[in-house]
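Visitor: Return a 3D structure for these sequence lines:
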Amino acid sequence: MAVDPFVVGVARLRTQLGATKECHVHGPFDPTGELKAPSPGESDVPEGDDVSFDGILESIPNGIMATGTVRARWIGECRRCADPLGGELSTDVKERYLVDAAPDDEEAYPLEGDLLDLGPMVRDAVVLELPLAPLCSADCRGLCGQCGANLNEGECGCRAPSDPRWAKLDVLRPE
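Guide: A predicted model of the protein is given here:
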């Protein structure tokens, strides 16, 4: 039976209100593959890559507070020129785990017994932090709409198509 690296024992921590425990865990982002980006144009964590959580677990009334930083690598494509790109993301988290959390409570994660599963919190933090439409640079010129050439590498020589609604006036343009 494989051990989930994001499941942490908190039995001793829960015995004293206000007690704290350092926590450093890392493991695969999406071992089941259910969070894979639905299209190639979206950013994602590379398959098989580890994500990490470094922080403090603190005993609070009726649960645990997890405060720390989630880190992961990401990959994607530039939304303008389709070149591959990637980077590191780092986001701060502060989330509650409650013993009697209602299933529809979006403000807290459930704490069942003396095991705390940090996996859903880590995955939520990464998914929310992934760039929706990454750019290779702010001045990326993208692809030519006619031939598909990357305009960052130079002009392609294509002429803009004429609009048939204005075709009669084209005779007035200088060559």
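Visitor: and after the helix-or-strand element of the chain with minimal mean pLDDT, which helix or strand comes next?
Guide: Least confident helix or strand, the chain: strand 108-110 with a mean of 89, by mean pLDDT, DSSP states H and E. Toward the C-terminal end, the helix or strand that comes next after strand 108-110 (DSSP states H and E) is strand 115-117.
Visitor: Distance check, the residue nearest the centre of the chain against Leu172.
Guide: By Cα atoms, centre = their mean, the chain has its centre lying nearest to Leu130, at 2.6 Å. Between Leu130 and Leu172 the computed distance is 50 Å (Cβ to Cβ, to the nearest Å). Glycine gets a C-beta too; all of them are placed from N, C-alpha and C.
Visitor: if we can go back for a sec, give me the sheet partners of the least confident helix or strand of the chain and which way each runs.
Guide: Using DSSP bridges, strand 108-110 pairs in its sheet with strand 84-98 (parallel).
Visitor: what's next to the strand it pairs with, contact-wise?
Guide: Applying Cβ atoms under 8 Å, 6 or more residues apart in numbering, the contact partners of strand 84-98 are 46, 53, 55, 60, 62-78, 105, 107-111, 116, 121, 125-126, 128-130, 134, 136.
Visitor: Same check on stretch 60-68?
Guide: 10, 13-14, 17, 23, 53-58, 92-101, 108, 111, 116, 118, 121.
Visitor: Show the average pLDDT along that stretch.
Guide: The average pLDDT within stretch 60-68 is 93.
Visitor: got it, and stretch 21-30?
Guide: 90.
Visitor: Buried residues in that stretch, which are they?
Guide: By neighbour count on 16 or more other Cβ atoms under 10 Å, the buried set for stretch 21-30 is Lys21, Cys23, Val25, Gly27, Pro28, Phe29, Asp30.
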